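Student: Sequence and computational prediction follow.
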Amino acid sequence: MKSYEIRSQFLKFFEQKGHLVVPSAPIVLKDDPTLMFNNSGMAQFKEYFLGNATPKNNRITDTQKCLRVSGKHNDLEDVGFDTYHHTMFEMLGNWSFGDYFKKEAIAWAWELLTEVYKIDKDILYVSVFEGNEEEGVPFDQEAYDIWKTLIDENRIIKGNKKDNFWEMGEQGPCGPCSEIHVDIRSQEEKAKISGKELVNADHPHVVEIWNNVFMEFNRKADGSLEKLKAQHIDTGMGFERLCMVLQGVQSNYDTDVFTPLIQKVEEITGFKYVRGKASAEEEKINIAIRVVVDHIRAVAFAIADGQLPSNTGAGYVIRRILRRAIRYGFTFLNTKEAFIYQLVDVLCEQMQDFFPEIKSQKQLVTNVIKEEEKSFLRTLDQGLVLLDNEIKNTTGVFSGAKAFELYDTFGFPLDLTALILREKGLELNEEEFDSEMEKQKDRSRAASETSTDDWIEIEGVTIEENPFVGYDTQESKSKVVRYRKVDSKKDGILYQIVLNTTPFYPEGGGQVGDTGYLQFGDEKISVIDTKKENNLIQHITKKIPSDCTQEVLAKVDQKKQFDSACNHSATHLLHQALRSILGTHVEQKGSLVSPNNLRFDFSHFSKVTDEELKQVEDFVNERIAESLPLVERRAIAFDDAVAEGAMALFGEKYGDKVRAIKFGNSMELCGGIHVSNTAAIWHFKIISEGAVAAGVRRIEAITSAKAKAFLESKVEEINEVKALFKSTPDLKKSVATLIEENAKLKKQVEELNKEKAKGLKVSLANELEEINGVRYLAKEIELDAGGAKDLAFELGKMGDNLFIVFGSSVEGKPLLTCYVSKELVSERNINASTIVRELGKYIQGGGGGQPFFATAGGKNPAGISEALNASRKYL
């Protein structure tokens with residue numbers, strides 16, 4: 001059975017059981033501050049489990065893209081070494097929100113596996129929760145009794161809390177679970193040891209395929225459990241493992257989920273993936289291929305859902321995953337050029353029917369991966385040079401701290417370092433490396449450490465059906481529904497306050513959260529931010545009122561909200577302008593809207609020219625001048641809005657009913673705050689344009705008061721320049737004349753420096769001393785960078801085996817110049833670039849260049865003398 005059919009049959013089965021089939025949520029989470037990525041099937045339904053929202057159907061089913069790079073069995077560095085764990089995987093799931101419970105969940109799971117998929121009952125085992133006295137949770141007799149009617153009792157396993165009690169996190173909904181495991185070993189292996197003994201023992205062919213979670217408790221901050229008001233079902237079945245079972249293979253990587261990708265890697269690299277028993281060398285290649293085909297899926301879908309590789313947050317995780325794939329290709333598949341991007345076509349062909357975003361974003365995904373590959377391959381080349389220099393100064397054991405520095409600062413992989421050291425007959429101090437890594441993790445953990453108290457509920461107060469009133473008013477009389485304390489190393493003690501109604505806009509859709517204050521009688525409490533988590537609008541404060549039961553006046557900072565609204569509405573007009581001027585290929589890839597400015601990321605494959613930027617700016621300002629009124633549709637059906645031309649953004653999660661914002665011909669789905677008329681924006685000014693990633697550009701701009709202040713500052717600058725030229729009638733002509741005169745003077749100075757260098761050449765030639773067959777000179781001179789270079793090359797014409805280091809200071813800035821004869825580079829391995837990089841530390845700077853000529857700049861002129869003296873050690 002093909003993977004496509006397996007997925008389709010699952011969804012069809014539960015649809016026939018009254019479930020609503022919903023699309024996968026994006027793999028990248030934008031509105032959940034507790035998670036970077038969707039790491040389970042239930043993540044997008046948390047608000048329903050918590051009782052903060054009502055689902056459109058009490059029975060739901062889907063296949064969810066998930067990403068895990070930490071936790072049990074999912075450490076990134078372990079993926080590829082076995083055949084059944086992945087970074088990105090699909091989770092087939094069915095959910096009940098206060099509807100059916102254990103009886104139906106277990107019966108339907110068994111029916112689907114044994115009657116629809118025709119899996120032999122004799123290779124299946126099930127587990128139930130054995131109970132836990134400390135938690136006060138008894139043995140799950142109900143689930144056990146249900147299973148007894150379906151499977152032989154000796155195939156039912158009593159599991160402990162670790163394996164059979166599922167929790168969403170340290171706090172929140174949880175409950176006992178019942179897992180279904182499959183044993184796909186050969187008959188010979190089964191005869192040696194029972195599959196029952198291998199359940200949850202990390203055996204590659206005795207694996208869990210389905211987990212049925214019975215959500216009936218809530219874990220409180222103090223660790224205690226309380227009963228939920230309603231009982232829920234949350235199930236998850238690993239799609240790739242199910243395919244392995246139904247396709248009769250012994251590895252996820254032997255299913256048609258992965259084989260097309262593996263075949264493409266074989267075609268590109270010339271290396272073969274060995275199925276069955278592999279030698280040690282063949283297994284290294286197997287691991288590398290598994291890493292590549294696993295990681296391309298995670299990276300491609302993350303980019304398609306809007307997360308570009310970067311150096312922070314979720315973007316750093318994606319970059320780390322991709323770089324791991326690149327380095328395995330580099331090390332074990334001999335790929336010295338970008339190649340992983342070529343797998344995107346294959347992945348698109350496989351997945352586009354169920355996940356259309358991978359098709360629509362294919363070009364962007366391909367370009368971003370290709371550029372990331374090229375960039376990291378350059379980093380690897382630099383790392384090899386650095387490692388080689390360190391090896392020259394090492395005998396016996398290589399420093400683990402130095403290996404960690406290469407890994408942490410330059411992204412140079414440990415496994416490649418270890419491989420090169422072995423080839424050179426050196427050992428790596430891995431304990432020291434692990435120690436440095438643990439110190440870094442400790443620092444990271446300490447910085448992000450957070451403790452969250454339980455919600456304190458105010459009796460008799462509930463959240464209104466539509467609690468956000470900020471589209472119509474900037475203040476409201478409200479009541480506190482609940483509040484809690486959050487203590488973090490980063491922000492200290494903060495409080496989250498939830499009101500029954502609020503005018504405060506919570507961070508979302510690129511717009512920052514509102515600030516303002518809550519007035520409790522005579523007590524005023526500042527709101528420093530507003531967030532939304534699990535469908536709850538949370539007002540972030542540094543303290544709570546003495547009496548939370550009294551009425552509260554919630555008032556937004558109107559000036560800041562107005563400035564944000566101007567920038568948000570301008571962002572919509574900017575999007576329209578870019579699509580009109582550059583083409584309809586332009587799509588939004590990210591945005592930030594704050595009171596100070598707006599930032600807009602968009603797909604475009606070349607630099608936006610100055611002329612195009614001017615056209616974009618003019619387009620937006622023309623729409624502002626037209627005084628276009630806001631046309632708001634608050635509860636339009638999603639399909640109707642799109643049919644009318646509204647822009648829907650990939651990577652965003654939309655409901656059946658959406659809010660559409662229209663200014664003239666600009667129409668987008670948006671939940672943000674906007675001006676009532678474009679005239680309020682006053683003026684739009686682009687501040688910068690540049691690249692964010694391959695095929696993604698970024699424009700930063702300002703509007704309203706900030707634009708006015710910017711333009712006034714420019715006028716003031718012009719007036720100040722005018723004053724410098726006295727009362728010149730033509731400022732532009734005067735500046736041009738000054739530039740021309742300056743260029744002539746600069747040329748004259750260069751000529752004088754060259755003459756000075758020629759004069760110095762004779763005197764310095766007499767100061768050359770010979771050390772170990774090398775003619776050496778280290779001298780402080782009074783020349784700029786160009787003069788020092790000319791002098792060095794003039795001396796270089798005087799013969800072979802020259803090693804020269806000059807130090808100079810121009811306007812308080814130190815400079816080191818190093819010249820090495822080419823024969824010394826090739827025969828004695830003296831490298832000018834390496835030398836100035838190290839000598840640069842004496843002047844608190846650094847530099848580089850070519851092996852025969854390099855320079856370094858710095859901040860400390862006093863260190864020149866010490867640097868010159870230190871140069872002698874290289875001989």
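Tutor: Great, that's in hand.
Student: how far away is the residue nearest the centre of the chain from Pro173?
Tutor: With distances taken as Cα atoms, centre = their mean, Gly315 lies nearest the centre of the chain, 1.8 Å away. Per Cβ to Cβ, to the nearest Å, Gly315 is found 30 Å from Pro173. Bear in mind the C-beta positions are built from the backbone N, C-alpha and C, glycine included.
Student: One more: Ser8?
Tutor: 30 Å.
Student: Tell me which of these two has more neighbours.
Tutor: Pro173 (23 against 14; other Cβ atoms under 10 Å).
Student: Double-check that that one belongs to a strand.
Tutor: Yes. Applying DSSP: H, G, I helix; E, B strand; the rest coil, one finds Pro173 inside a strand.
Student: what about the residue lying closest to it once chain neighbours are set aside, how many neighbours?
Tutor: With Cβ to Cβ, 6 or more residues apart in numbering as the criterion, Pro173 has its nearest non-adjacent residue at 4.4 Å, and that residue is Phe49. Neighbours of Phe49 under the rule other Cβ under 10 Å: 23.
Student: And for the one 3 residues further on?
Tutor: Asn52 has 14 neighbours, counted by other Cβ under 10 Å.
Student: quick one: secondary structure of it?
Tutor: Reduced to three states by three-state DSSP, Asn52 is coil.
Student: So it versus Gln538, what's the distance?
Tutor: For Asn52 relative to Gln538 (Cβ to Cβ), the value is 11 Å.
Student: Check Gly583 too.
Tutor: 41 Å.
Student: More neighbours: these two, which one.
Tutor: Gln538 (27 against 9).
Student: strands paired with the one helix or strand that one maps to, and their directions?
Tutor: Assigned by DSSP states H and E, Gln538 belongs to strand 536-541. In the sheet, strand 536-541 lines up against strand 492-499 (antiparallel), strand 529-533 (antiparallel) (DSSP bridges).
Student: From the chain's centroid, how far away is it?
Tutor: Chain-centre distance of strand 536-541: 25 Å, with Cα atoms, centre = their mean, to the nearest Å.
Student: just the strands in the stretch 101-250 of the chain please.
Tutor: Along the stretch 101-250 of the chain, counting by DSSP state E, counting those that start in this stretch, strands occupy 124-129, 156-159, 165-167, 172-183, 206-219, 225-238.
Student: Columns distance to Val365 and mean pLDDT on top of those strands, output as TSV?
Tutor: Formatted as TSV, the strands of the stretch 101-250 of the chain follow (distance: least, Cβ to Cβ, whole Å; pLDDT from 0 to 100):
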stretch	distance to Val365	mean pLDDT
strand 124-129	38	97
strand 156-159	40	96
strand 165-167	33	93
strand 172-183	34	95
strand 206-219	30	94
strand 225-238	24	93
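Student: Which parts of the stretch 651-800 of the chain are helices?
Tutor: Remark: helices assigned in the stretch 651-800 of the chain by DSSP state H, counting those that start in this stretch are 704-724, 731-765, 785-796.
Student: and those, which one's lowest on average pLDDT?
Tutor: When the helices of the stretch 651-800 of the chain are compared by mean pLDDT, helix 731-765 comes last with a mean of 83.
Student: for the stretch 601-750 of the chain, which spans come out with low pLDDT?
Tutor: 650-651, 727 (pLDDT under 70).
Student: ok, how many other residues are close to Val735?
Tutor: 14.
Student: Look up how far Lys65 lies from it.
Tutor: 57 Å.
Student: ok, now Leu11?
Tutor: Note on Leu11: its distance to Lys65, by Cβ to Cβ, is 15 Å.
Student: what does Lys220 give?
Tutor: Distance from Lys220 to Lys65, by Cβ to Cβ: 31 Å.
Student: With neighbour numbers in mind, choose between these two.
Tutor: Lys65 (27 against 14).
Student: Now the strand or helix carrying that one - C-alpha only, PDB.
Tutor: According to DSSP H and E, Lys65 maps onto strand 59-67. Extracted in PDB, the C-alpha atoms of strand 59-67 (Å, rounded to 0.1, in the frame of the first residue of the first chain):
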ATOM      1  CA  ARG A  59     -14.600  15.300  16.600                       C
ATOM      2  CA  ILE A  60     -11.600  16.200  14.500                       C
ATOM      3  CA  THR A  61      -9.000  14.300  12.500                       C
ATOM      4  CA  ASP A  62      -5.900  15.300  10.500                       C
ATOM      5  CA  THR A  63      -2.400  14.600   9.600                       C
ATOM      6  CA  GLN A  64      -0.100  17.100  11.300                       C
ATOM      7  CA  LYS A  65       3.500  18.200  10.300                       C
ATOM      8  CA  CYS A  66       5.600  18.000  13.400                       C
ATOM      9  CA  LEU A  67       9.100  18.900  14.300                       C
END
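Student: Please identify the pairing partners of that strand and their relative orientation?
Tutor: strand 20-21 (parallel), strand 88-97 (antiparallel).
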